[in-house]
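Colleague: Give me a 3D structure for the following:
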Amino acid sequence: MKSFLSDQRGIAAVEMAIGMLLLVPLLLVLVEATKALTEYSQLQNASMEGARMLARQNGDTSGVNDYVQSLFQKADGTSTVDGEAPTVNITPRDSQNNVTVQVEHAFKPYFANASDAQGNPNPFNIMGSTPLTLSSKTVMALPAAN
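Modeller: Residues are numbered from 1 along each chain as shown. Below is the predicted model of the structure:
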């Protein structure tokens with residue numbers, strides 16, 4: 001009986017199994033957060049570029065939406081973000097000579113999808129049923145209107 005209590009074989013496997021219960025979910029969260037930050041960075045860059053284009057055109061909104069949408073296209077024509085294309089809202093010159101460009105996109109996570117490919121609910125969904133919408137808004141001052 002005494003040799004059974006002092007036997008250390010298998011202890012490392014048990015410790016590793018317990019450690020993996022903590023490390024694997026942490027790794028999944030890090031991957032999701034990295035994807036969300038990368039996508040938000042793209043949205044932020046697109047809204048700033050749209051506002052710069054508006055400033056160069058002195059507040060003329062023609063072509064800005066198409067330009068901002070083109071920033072989410074790779075050279076081969078595929079999208080740089082998952083799912084639908086981001087939406088672009090442009091507010092023309094206001095009373096204080098400011099223009100606003102807002103770019104929004106519904107974030108699609110890798111691991112925490114609300115449903116699988118057949119539409120069945122995912123029992124491991126950690127984000128809930130409400131999709132996460134990433135949004136970036138840039139306000140830029142224009143020269144005084146003529």
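
Colleague: make it CA atoms for all contacts and neighbour counts henceforth
Modeller: Will do.

Colleague: ok, which stretches of the chain are helices?
Modeller: Using DSSP state H, the helices found in the chain span residues 2-6, 11-56, 64-70.

Colleague: Kindly provide the whole-number mean pLDDT of stretch 41-53.
Modeller: Averaging the model's pLDDT scores along stretch 41-53 yields 95.

Colleague: just the CA coordinates of that stretch, formatted as PDB?
Modeller: Listed in PDB are the C-alpha atoms of stretch 41-53, where the atom choice follows Å, rounded to 0.1, in the frame of the first residue of the first chain:
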ATOM      1  CA  SER A  41      -7.700  48.500 -37.700                       C
ATOM      2  CA  GLN A  42      -8.800  48.100 -41.300                       C
ATOM      3  CA  LEU A  43     -12.100  49.900 -40.500                       C
ATOM      4  CA  GLN A  44     -10.300  52.700 -38.800                       C
ATOM      5  CA  ASN A  45      -7.900  53.100 -41.700                       C
ATOM      6  CA  ALA A  46     -10.700  53.100 -44.300                       C
ATOM      7  CA  SER A  47     -12.700  55.800 -42.400                       C
ATOM      8  CA  MET A  48      -9.600  58.000 -42.200                       C
ATOM      9  CA  GLU A  49      -8.800  57.500 -45.900                       C
ATOM     10  CA  GLY A  50     -12.400  58.400 -46.800                       C
ATOM     11  CA  ALA A  51     -12.300  61.600 -44.700                       C
ATOM     12  CA  ARG A  52      -9.000  62.500 -46.300                       C
ATOM     13  CA  MET A  53     -10.600  62.100 -49.700                       C
END
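
Colleague: among the helices of the chain, which is nearest residue 133?
Modeller: Counting by C-alpha to C-alpha, residue 133 lies closest to helix 11-56 out of the helices of the chain; the figure is 9.8 Å.

Colleague: packing partners for that closest one?
Modeller: Packed against helix 11-56 by the contact rule (3 or more C-alpha pairs under 8 Å, 6 or more residues apart in numbering; DSSP states H and E) you find helix 64-70, strand 98-107, strand 132-141.
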